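Asks: next come a sequence and a model predicted from it.
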Amino acid sequence: MLRVGIIGFGGAGQAHAFYWSCIAGCRVTKIFDPKPRAAARARDAAAGVTFCDDAAAFWPDLDAVVVCTPDRTHAGYIVDALGRGLHVLVEKPLCDSVDGLRAIRRAAAAAPAQVVAVVHQMRFVPLHQRIKALVDAGALGALSYLEGYYVHDLTSRAFQNDRWREADNATPLVYSGCHFVDLLRWLAGEEIVEVFAAAGHRAFPEYPESDLNVVTLRFASGVVGTVVVAFGEPGPQDHTVRVTGRDAAVRGNLLYRRDGRLGAVVHRPLIFQPALLAGAGKSGGQSRYRQLRTNLPPYVMARTVEMLRILARRPNAEYGAANYPVRLYEHSLACVGAINDFVGAIRERRQPMCSIAEAGRTVLACLAGVESYRTNRAVAVAELD
Ligand SMILES: NC(=O)c1ccc[n+]([C@@H]2O[C@H](COP(=O)([O-])OP(=O)(O)OC[C@H]3O[C@@H](n4cnc5c(N)ncnc54)[C@H](O)[C@@H]3O)[C@@H](O)[C@H]2O)c1
């Protein structure tokens, strides 16, 4: 049994208490959070798990920790945990500074048998995995453009559990844009060499520095990308992806070729998400019945609209059926996928998919983006070494 400790018990920490209950052979045995309000959250969301507000009591008798603390504190906790012989899973971003990245790499080099992985769950979203398979199989041809949206209305949530986003000036690009900078790097299979970014601060002025970051990415081969991060936009979360190649393009969930036909569906809503069924007590339901009740209606709607598209045969018409009707983003399933990869890396003594090197390059590209919008000039992305 892998004994796991959660560090930081706000939104992400509580979510991890559930995710880890889905992972065979693992158990969350301790939670550490120094802030008084966290104890009550732990009583509600993780009954039976030892809660510590004192780090000395937390560290013993663990095999791995999950770092769910403010971005600025990630590096310190990773270094500390590695020094104590523990494996580390850290919430994205790996860290928020070049100094932090250096410290993490030094500590990891001194602990080669321990696994460090980052929860970049976008790589584990089923739609994104299908897109990656299409890219790798050459189905899109040579890539030319990639785009990702991280649109998440944080106006009522940003400071719910803690004010670290304000105190630490957590820029949208490093804190959340990292999701799609990382995803686009992974889909493209190459590195971002230069970025140019802009920032706005009109939709959610209470958020520090800026609430809107738009960054263009230039990859080594000349492929261009865009990532939009918006914290103040009303509406449901939008994580749309677009990947364009010479022969075909994926827009959201539809694969378009040059034949003028309706787009082929890349992924459909999952009626059952078996990986979550073992999980304990999260609202939203983890019995087959509750999954069915939640997922069947959007599945039926999606299939119905898919079939009805035949009535509007030409997607290019003024009223062409050009988009998929359902948002597809299986957040918990993807996070559990990232955790399974981390646990697999420990058991099989291999690198995790989101290693320090991978996530470190994402951090460097995001930091270059912040420098770019602050200076209003294009910025070369620093190399990892
Ligand atoms: N993968 C994802 O989709 C995802 C989603 C949300 C958050 N995150 C990441 O998770 C981390 C936490 O974000 P959150 O939304 O849970 O924030 P939050 O504000 O909800 O909670 C932060 C928690 O950390 C605790 N904390 C503050 N300082 C601490 C310290 N020095 N040591 C230990 N605990 C401390 C606070 O008491 C609080 O419980 C961030 O790195 C964030 O980027 C990832």
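Replies: Structure's in. What do you need? As the structure is a computational prediction, the values presented were derived from the model and not from experiment. Numbering: from 1, shown residues only.
Asks: from now on I want contacts and neighbour counts done on CA atoms only, so please keep to that.
Replies: Fine.
Asks: and I78, which of the three is it?
Replies: helix (DSSP: H, G, I helix; E, B strand; the rest coil).
Asks: ok, and the closest non-adjacent residue to L143?
Replies: In space, and not counting its chain neighbours, L143 is closest to G245: 4.0 Å by CA to CA, 6 or more residues apart in numbering.
Asks: ok, now which ones touch that neighbour?
Replies: Going by CA atoms under 8 Å, 6 or more residues apart in numbering, G245 touches L140, G141, A142, L143, S144, Y145.
Asks: phi, psi of it?
Replies: phi -120, psi 180 (degrees, to the nearest 10).
Asks: look up how far N253 lies from it.
Replies: Here the distance between G245 and N253 works out to 15 Å (CA to CA, to the nearest Å).
Asks: ok, now A39?
Replies: In this view, A39 and N253 are 42 Å apart by CA to CA.
Asks: which one's more surrounded, those two?
Replies: A direct count of neighbours by other CA atoms under 10 Å for A39 and N253 places N253 higher, at 25 against 19.
Asks: quick one, strands of the stretch 201-350 of the chain?
Replies: In the stretch 201-350 of the chain, the segments counted as strands under DSSP state E, counting those that start in this stretch are 212-219, 224-230, 241-245, 248-251, 254-257, 264-265.
Asks: between the ones you listed, which one is closest to the ligand.
Replies: The closest of the strands of the stretch 201-350 of the chain to the ligand is strand 224-230. By CA to the nearest ligand atom, the value is 13.4 Å.
Asks: that closest one vs strand 212-219, what angle?
Replies: 160 degrees (axes from the mean of the first three to the mean of the last three CA atoms, to 10 degrees).
Asks: by how many degrees do strand 224-230 and strand 241-245 diverge?
Replies: 170 degrees.
Asks: so what strands line up beside strand 224-230?
Replies: Strand 224-230 has these partner strands in its sheet, going by DSSP bridges: strand 143-151 (parallel), strand 212-219 (antiparallel).
Asks: report the buried residues of the next helix or strand after the first one.
Replies: It refers to strand 143-151. Where DSSP states H and E defines the elements, the next helix or strand beyond strand 143-151 is helix 164-167. In terms of neighbour count (16 or more other CA atoms under 10 Å), helix 164-167 has its buried residues at R165.
Asks: before we move on, back to that, can you lay out the strands of the stretch 201-350 of the chain as CSV showing distance to the ligand and mean pLDDT?
Replies: Listed next are those as CSV, based on distance: least, CA to the nearest ligand atom, whole Å; pLDDT from 0 to 100:
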stretch, distance to the ligand, mean pLDDT
strand 212-219, 16, 98
strand 224-230, 13, 98
strand 241-245, 16, 98
strand 248-251, 22, 98
strand 254-257, 24, 98
strand 264-265, 25, 98
